[in-house]
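S.K.: fold the stuff below for me.
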Amino acid sequence: MAALGRVSQMLLRSSLIMTRRQLSAAVAAGHGEQAAKTWKILSFVVALPGVAVCMLNMYLKEQQHTHEQPEFVPYSHLRIRSKRFPWGDGNKSLFHNPHANALPNGYEGHDE
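M.R.: Now for the predicted structure:
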């Protein structure tokens, strides 16, 4: 039993020694500054123009895309009003968008 205790202590000491940082040399004085300068230049020369090109691509593709409003289907479980909203005419939610949100009787501005 005592031998097992000595072996465990020896393994514990060796593991503590192995977890210590073993640096091979000191860091050069200007190494971090040069790396920071390189990444700063890359950010301005590569990343920002890349983001601008992606935004332009998205904008041009969106201009060609048409948004048609889906047909209104009056499902009974949607737009249930147990009491009126306390603002406006009481039928529109606080963040109502007439282009995207339908009222209980259909979309606004569409006479059928």
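S.K.: just checking, next helix/strand downstream of the helix or strand where Gln9 lies?
M.R.: Secondary structure here is read from DSSP states H and E; on that basis Gln9 sits in helix 2-18. Going down the chain from helix 2-18, the next helix or strand is helix 31-42, by DSSP H and E.
S.K.: how far out from the middle of the chain is the next helix or strand after that following helix?
M.R.: For helix 31-42, the following helix or strand on the C-terminal side (DSSP H and E) is helix 48-64. Averaged C-alpha coordinates place helix 48-64 at 19 Å from its chain's average position (C-alpha atoms, centre = their mean, to the nearest Å).
S.K.: touching helix 48-64 from outside, list them.
M.R.: Outside helix 48-64, no residue is within contact range by C-beta atoms under 8 Å, 6 or more residues apart in numbering. All C-beta atoms are positioned from the backbone trio N, CA, C, and that covers glycine.
S.K.: mean confidence for the helix holding Gln9?
M.R.: Averaged across helix 2-18, the pLDDT comes to 74.
S.K.: repeat that for stretch 92-100.
M.R.: According to the model, stretch 92-100 has a mean pLDDT of 87.
S.K.: start and end of that stretch, how far apart?
M.R.: In stretch 92-100, first residue to last residue: 12 Å (C-alpha to C-alpha, to the nearest Å).
S.K.: okay, now the unreliable bits of this structure?
M.R.: For the chain, the stretches with pLDDT under 70 are 14-30, 110-112.
S.K.: again, only this time at 90
M.R.: Low-confidence segments of the chain, defined by pLDDT under 90: 1-36, 63-85, 87-93, 96-112.
S.K.: so the residue most central in space within it versus Lys40, what's the distance?
M.R.: Geometric centre of the chain, nearest residue: Val51, 15.8 Å, by C-alpha atoms, centre = their mean. Distance of Val51 to Lys40, given as C-beta to C-beta, to the nearest Å: 16 Å.
S.K.: equivalent analysis for Arg84, please.
M.R.: According to C-beta to C-beta, Arg84 and Lys40 sit 57 Å apart.
S.K.: next, the contact list for the closest residue to Leu103 other than its chain neighbours, please.
M.R.: Spatial nearest neighbour of Leu103, excluding adjacent residues (C-beta to C-beta, 6 or more residues apart in numbering): Asn91 at 5.8 Å. Listed by C-beta under 8 Å, 6+ apart, the contact set of Asn91 reads 81, 84-85, 103-104.
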